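Peer 1: Need a 3D model of the sequence below.
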Amino acid sequence: MKHTSLSIATVIALGATLSSASAQELKYANWAPPTHTINAAQIEPLAKALSEGTDGAVTLRGYHGGELGAGPADQYVRVLQGTADMGWGVQGYTSSQFPKTLIAELPGALPLDAPGYKALWQGFDQIKGEYPQTEVIALWGSEPNILMMHDKEVRTPADLKGLKIRVAGSISAAAMEALGATPVQIPMTQVYNGLQTGLIDGVVSGASILSDFKLNEVVGSVTTGPNLGRLTFYTVMNKPAYDGLPPKAKAALDAVKGEKISKMTEEAWIATAAAALDAARASDSTTVIDLDAAGAQPFNDALADVTDTYVSKVGGAATLAAMRGE
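Peer 2: Okay, here's the model as predicted:
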């Protein structure tokens, strides 16, 4: 009788092939470039947690630059539809879906140094209904908003009168209108060209966009000091995809989702912003205007009614109190 045997190398190769075939890859939709802060701050840590927690049986791959579909405003829908298993977005791009979440974005709602992620999770019971059919993986805020202008300098609200300022949603639009500016909503991916061509005069957002979207190349002045609010962000996962995870994968994800990954992501945002501001201060082509408390007060006074009106409109007094830890 002729005996056949498999070499150790062949067995290992077969095992690797079977393992690869049975591995589950989750898709993370990232509409920003792979160099954006979100990749190292969140996508890679989530991928590491899943891979290590399942010995490679479940992995997470980032699809960058809108590979799974362009358009930041459509990210939530892509997750709902299952085009992506997971994805991140900006609540302000679809303001009507997240009325109470957006309270965290309001000027003066939170102190400039208050962690946005903590406020959002403190208020989560009040806002969780705004994230239907998904598992919320992360909620976080940006660094405080500042004004970044192409070729104007802003020291008082009067300096904004008539200027076209790019905004991320209804909250920052109302804030800019209260300061006399004209809000313009265009995708962040078009802001560079908008500043360069004069379509917009400036942008209100966090300083991290100076480096994340290379706006340092087209921004001539920056104004800090007023409490212009901040942006908020979400990462959600398709609910059936989450519920269908193997136990080890779900345990690995549960160990990092929520406040833990939100804190990591926000701190990375703030670090990116701090480095971008430092670079702006060191640049000969950028003027950085740091308003003191007295200089910031006229802005804050003009914006107070924006916040009060919005909170009243959405019945958000309890949500604001929860976000403030009151």
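Peer 1: Would you mind measuring from residue 60 to residue 241?
Peer 2: Distance, residue 60 to residue 241, by C-beta to C-beta, to the nearest Å: 11 Å. Using the backbone N, CA and C atoms, a C-beta is placed for each residue, glycine as well.
Peer 1: So for these two, which residue has more residues nearby?
Peer 2: Neighbour totals were compared for residue 60 and residue 241, and residue 60 leads with 22 against 18 (other C-beta atoms under 10 Å).
Peer 1: neighbours of the closest residue to the more buried one other than its chain neighbours, just the number please.
Peer 2: Excluding its sequence neighbours, the residue lying closest to residue 60 (C-beta to C-beta, 6 or more residues apart in numbering) is residue 47, at 4.0 Å. When counting by other C-beta under 10 Å, one arrives at 18 neighbours for residue 47.
Peer 1: Quick check, residue 169 in contact with residue 101.
Peer 2: No - applying C-beta atoms under 8 Å as the test, residue 169 and residue 101 come out as separate, 10.9 Å apart.
Peer 1: which non-adjacent residue is nearest residue 36?
Peer 2: That would be residue 212: by C-beta to C-beta, 6+ apart, it lies 5.0 Å from residue 36.
Peer 1: Report pLDDT for the one you found.
Peer 2: Residue 212 carries a pLDDT value of 93.
Peer 1: what helix or strand is residue 27 on?
Peer 2: Per DSSP states H and E: residue 27 is located in strand 24-29.
Peer 1: Packing partners of that strand?
Peer 2: For strand 24-29, the packing partners by 3 or more C-beta pairs under 8 Å, 6 or more residues apart in numbering; DSSP states H and E come out as helix 44-53, strand 58-63, helix 75-81, strand 86-90.
Peer 1: can you list the residues that contact it?
Peer 2: The contact list for strand 24-29 (C-beta atoms under 8 Å, 6 or more residues apart in numbering) reads 43, 46-47, 50, 57-63, 66-69, 75, 78-79, 83-88, 241, 246, 249.
Peer 1: sorry, back to before: can you list residues touching both of residue 60 and residue 241?
Peer 2: Counting by C-beta under 8 Å, 6+ apart, the shared contacts of residue 60 and residue 241 are 26, 86.
Peer 1: ok, the residue lying closest to residue 89 once chain neighbours are set aside to residue 102 distance?
Peer 2: Spatial nearest neighbour of residue 89, excluding adjacent residues (C-beta to C-beta, 6+ apart): residue 75 at 3.8 Å. Computed with C-beta to C-beta, the distance linking residue 75 and residue 102 is 16 Å.
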